[in-house]
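S.K.: from the sequence below, what's the structure:
(chains A and B)
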Amino acid sequence: MSTTPTSNFIRTIIDADLASGKHSIIVTRFPPEPNGYLHVGHAKSICLNFGLAEDYRGKCNLRFDDTNPEKESNEYAQSIQDDVRWLGFQWDGEVRWASDYFEQLYGFAVELIEKGLAYVEDLSAEEMREYRGTLTQPGKNSPYRDRSVAENLDLFARMRAGEFADGARVLRAKIDMASPNINLRDPAIYRIRRAHHIRTGDAWCIYPMYDYTHCISDALEGITHSICTLEFEDHRPLYDWVLDNITIACHPRQYEFSRLELHYTITSKRKLLQLVNEQKVSGWDDPRMPTIQGMRRRGYTAAGLREFARRIGVSRSENSVDMAIMEGAIREDLEARAPRVMAVINPLKVTLTNFEGATSREADFHPNHPEFGKRIVPISASLYIEADDFAEAPPPGWKRLTLGGEVRLRHSYVMRCDEVIKDSSGNVIELLCSIDHATLGKNPEGRKVKGVIHYLSCEHAIPAEIRLYDRLFTVAEPDADREIDFCNYLNPESLKVVQGWVEASVKDAAPETHYQFERLGYFCTDRRDHQPVSRPVFNRTVTLKDSWTKEQS
RNA sequence: UGGGGAGUCGCCAAGUGGUAAGGCAACGGGUUUUGAUCCCGUCAUUCGUAGGUUCGAUCCCUACCUCCUCAGCCA
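M.R.: Numbering: from 1, shown residues only, chains lettered A, B, ... in the order given. Below is the predicted model:
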């Protein structure tokens, strides 16, 4: 799989920084807010930041941007760490928390006040909005903008001391209310919020804002390249303003790349939360969710996801990635690592009328990896085949079973269908077939049998719950139109649960074991519900490529 | 209509003054006891449009077009 990394604009910058001696080692960071589960877009960012550190032998920190206690929880923080590790990365040293820097952040705010670069605002949120102006009109100065340093210092200390009600005052950076960049129109940097924080408890009732916190946290950690998504581009002047106006030795540079849009999925935390809350899915780890937890449960592999990230690259242009790129990366990884077994999803009974004297055969678990081992593939007089593999009136090009036709039973004999048995309403319920005893392990004489179908011996097969997943949405870009609720595009067929049969060799499989069910697709034992022996549950990760179905349509 | 960005093959994406990488998809062909895998081959005289500079432009300049993004005491 992964070859040499493709060039991208960030690597070009790093190469130049290393060549010029600006940096001798690079330090990146992945800075999630613990307010939700990570999704495929975060996976891209994780692969970028940790991948850069790996490639350049630098470091990458995991830092939680925990500055909004009302939305954050330990459950989220824990799952994020699990996800990063599962993806195959390890952060440098301990996990960092922006909240670890609260005291220093406070100190820098005092410094800004002392320099006349920050002031306490008494205007309400609504008034501030009015004073801010619009995209085309400059804002106007707050009447509180020119308070004395002493008064600001006193007020800010009292904000911290809890003398004012939530929302009564904020601390603002004093920059430029007429700036064409709205982020520079005296942004709030501290607000009063009496909320219990997951790390600092009730120690603080004022919390620093993202723009103020993030740049200082980066500087404190000696980050060299602070990589974020495009929507923060307009914030970069503020990032630089803060670091230029406090006494701090390090000034990381921020670079923005475009976020991932993946066809047939959504990557908005808010919308993902909505799916969970409205029970459109079973939870954050529903295998249809584009969350890392969901994709993992579905059977996507960490190596497959990393390969996906490598294939989509990193740029600054908008993109909308085909699901085929994801599926291709996942298939490629599973192709190499998943043992092959047989399963029947939609069984049709076959009775072998000349079974006497037939024998079972041993077969490799992987055609190209003998080290995966072998098992006996049992055969008996009663079989299940896939109902779709038989056709009374076959379309042109059909290679599978038909009345009077022959087909190879995978790893076993060539079989001919002699008779079709139907119920009173005309449905095919059973096939009477005969095998050619001379075809075990060799081709029949004088004729070619092109079709190969999989089967299971009824007496040896074990029943299993099989969950057939399909895309969650019916259209490629479900949230493209702001006017239409993305829930209108939920795919009613995104999950079909069926009772099928699997070969006995998988009965002891642990949860999260990957298999290829031959001719059907890649499947994975469910992380939550599967129990070895007692309750087999398989999730369909992705189907196999299928040139036959494509030819039909 | 203010600011900041982006436009290279169906989808991603390199290249950034010397004559358009690669991947995915697609399409042909070969191997095959998975219509899978694997292998071979095909797939942008052209880089949003129009001018200009240059021996030479996707790359530099000018104008225009299209799309994205910013008015939280969210991140």
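
S.K.: make it CA atoms for all contacts and neighbour counts henceforth
M.R.: Fine.

S.K.: hmm, residue A:364 and residue A:370 touching each other?
M.R.: Yes: contact status for residue A:370 versus residue A:364: in contact at 6.4 Å, counting by C-alpha atoms under 8 Å.

S.K.: compare these two (neighbour count), which wins?
M.R.: The residue with more neighbours, out of residue A:370 and residue A:364, is residue A:364; 19 against 11, by other C-alpha atoms under 10 Å.

S.K.: distance check, the residue nearest to that one when sequence neighbours are not counted against residue A:194.
M.R.: Sequence neighbours aside, residue A:374 is the residue nearest to residue A:364 in space, at 4.3 Å (criterion: C-alpha to C-alpha, 6 or more residues apart in numbering). Remark: distance between residue A:374 and residue A:194 (C-alpha to C-alpha, to the nearest Å) = 63 Å.

S.K.: those two: who's more crowded?
M.R.: Each of residue A:374 and residue A:194 had its neighbours counted (other C-alpha under 10 Å), and the higher figure belongs to residue A:194 (18 against 14).

S.K.: quick one: contacts for the more buried one?
M.R.: A:166, A:202, A:204, A:205, A:206 (C-alpha atoms under 8 Å, 6 or more residues apart in numbering).

S.K.: now the helices for chain A?
M.R.: In chain A, the helices defined using DSSP state H lie at A:9-20, A:40-55, A:74-86, A:102-114, A:125-132, A:149-161, A:210-220, A:236-245, A:269-277, A:292-298, A:302-312, A:323-337, A:547-552.

S.K.: find the least confident helix or strand in chain A, judged by mean pLDDT.
M.R.: The helix or strand of chain A with the lowest confidence, counting by mean pLDDT, DSSP states H and E, is helix A:547-552 at a mean of 90.

S.K.: for it, give me every contacting residue.
M.R.: Contacts of helix A:547-552 (C-alpha under 8 Å, 6+ apart): none.

S.K.: please save the CA atoms from it in PDB.
M.R.: Provided in PDB are the C-alpha atoms of helix A:547-552 (Å, rounded to 0.1, in the frame of the first residue of the first chain):
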ATOM      1  CA  SER A 547     -18.800  -6.200 -13.100                       C
ATOM      2  CA  TRP A 548     -21.800  -8.500 -13.600                       C
ATOM      3  CA  THR A 549     -24.300  -6.200 -11.900                       C
ATOM      4  CA  LYS A 550     -22.700  -3.300 -13.600                       C
ATOM      5  CA  GLU A 551     -23.100  -5.000 -17.000                       C
ATOM      6  CA  GLN A 552     -26.800  -5.600 -16.200                       C
END
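
S.K.: next, count neighbours for residue A:179.
M.R.: With other C-alpha under 10 Å as criterion, residue A:179 counts 15.

S.K.: if I look at the residue lying closest to it once chain neighbours are set aside, how far off is RNA strand B?
M.R.: The shortest distance from residue A:179 to any residue other than its chain neighbours is 6.0 Å, reached at residue A:185 (C-alpha to C-alpha, 6+ apart). Using C-alpha to the nearest atom of the strand, to the nearest Å, we find residue A:185 at a distance of 9 Å from RNA strand B.

S.K.: please look at residue A:185 and residue A:139 and confirm they touch.
M.R.: Yes: contact status for residue A:185 versus residue A:139: in contact at 7.1 Å, counting by C-alpha under 8 Å.

S.K.: and RNA strand B, which of the contacts of residue A:194 contact it?
M.R.: residue A:166 (C-alpha under 7 Å from any atom of the strand).

S.K.: which of the contacts of residue A:194 sits closest to residue A:40?
M.R.: Residue A:40 has its nearest neighbour among the contacts of residue A:194 in residue A:206, at 32.9 Å by C-alpha to C-alpha.

S.K.: quick one: contacts for the closest one?
M.R.: Neighbours of residue A:206 in contact, by C-alpha under 8 Å, 6+ apart: A:159, A:160, A:190, A:191, A:192, A:193, A:194.

S.K.: which one of these is nearest RNA strand B?
M.R.: Among the contacts of residue A:206, residue A:191 lies closest to RNA strand B (C-alpha to the nearest atom of the strand), at 4.8 Å.

S.K.: can you flag the buried ones in the contacts of residue A:194?
M.R.: Buried by 16 or more other C-alpha atoms under 10 Å: A:166, A:204, A:205, A:206, out of these.

S.K.: and residue A:30, how far is that from residue A:211?
M.R.: 16 Å.

S.K.: ok, now which residue in chain A is the farthest from the centroid?
M.R.: residue A:446 (52.3 Å; C-alpha atoms, centre = their mean).

S.K.: ok, back up a step: which of residue A:30 and residue A:211 has more residues huddled nearby?
M.R.: The residue with more neighbours, out of residue A:30 and residue A:211, is residue A:30; 23 against 18, by other C-alpha under 10 Å.

S.K.: could you pull up the residues touching the nearest residue to that one once chain neighbours are set aside?
M.R.: Nearest residue to residue A:30, sequence neighbours excluded (C-alpha to C-alpha, 6+ apart): residue A:62, at 5.1 Å. Counting by C-alpha under 8 Å, 6+ apart, residue A:62 touches A:29, A:30, A:31, A:91, A:92, A:95, A:96.

S.K.: most surrounded residue in the residues you listed?
M.R.: That'd be residue A:29 among the contacts of residue A:62, by other C-alpha under 10 Å, with 29 neighbours.

S.K.: could you check the pLDDT of residue A:439?
M.R.: The model reports residue A:439 with a pLDDT of 97.

S.K.: er, residue A:61 I mean
M.R.: Reported pLDDT for residue A:61: 98.

S.K.: hmm, residue A:29 and it touching each other?
M.R.: Yes: counting by C-alpha under 8 Å, residue A:29 is a contact partner of residue A:61 at 4.4 Å.

S.K.: returning to that earlier point: roughly how far does the residue nearest to residue A:30 sit from residue A:254?
M.R.: Counting by C-alpha to C-alpha - residue A:62 and residue A:254 are separated by 17 Å.

S.K.: what of residue A:478?
M.R.: Counting by C-alpha to C-alpha - residue A:478 and residue A:254 are separated by 31 Å.

S.K.: and for residue A:511?
M.R.: From residue A:511 to residue A:254 the distance is 41 Å (C-alpha to C-alpha).

S.K.: tell me how far stretch A:413-422 is from the chain's mean position?
M.R.: Distance of stretch A:413-422 from its chain centroid, counting by C-alpha atoms, centre = their mean, to the nearest Å, is 45 Å.

S.K.: does that stretch reach RNA strand B?
M.R.: Yes: Stretch A:413-422 reaches RNA strand B (C-alpha under 7 Å from any atom of the strand) through residue A:413.

S.K.: what's in contact with that stretch?
M.R.: Outside stretch A:413-422, the residues within contact range by C-alpha under 8 Å, 6+ apart are A:401-409, A:428-441, A:444, A:449.

S.K.: and those residues, which of them are in strands?
M.R.: Judged by DSSP state E, the subset of the contacts of stretch A:413-422 located in strands is A:406-409, A:428-436.

S.K.: now these as JSON lines including pLDDT and distance to residue A:148?
M.R.: As requested, these are exported to JSON lines (pLDDT from 0 to 100; distance: C-alpha to C-alpha, whole Å):
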{"residue": "A:406", "pLDDT": "97", "distance to residue A:148": "94"}
{"residue": "A:407", "pLDDT": "98", "distance to residue A:148": "91"}
{"residue": "A:408", "pLDDT": "98", "distance to residue A:148": "90"}
{"residue": "A:409", "pLDDT": "98", "distance to residue A:148": "88"}
{"residue": "A:428", "pLDDT": "97", "distance to residue A:148": "90"}
{"residue": "A:429", "pLDDT": "97", "distance to residue A:148": "90"}
{"residue": "A:430", "pLDDT": "98", "distance to residue A:148": "91"}
{"residue": "A:431", "pLDDT": "98", "distance to residue A:148": "93"}
{"residue": "A:432", "pLDDT": "98", "distance to residue A:148": "96"}
{"residue": "A:433", "pLDDT": "98", "distance to residue A:148": "96"}
{"residue": "A:434", "pLDDT": "98", "distance to residue A:148": "98"}
{"residue": "A:435", "pLDDT": "98", "distance to residue A:148": "97"}
{"residue": "A:436", "pLDDT": "97", "distance to residue A:148": "99"}
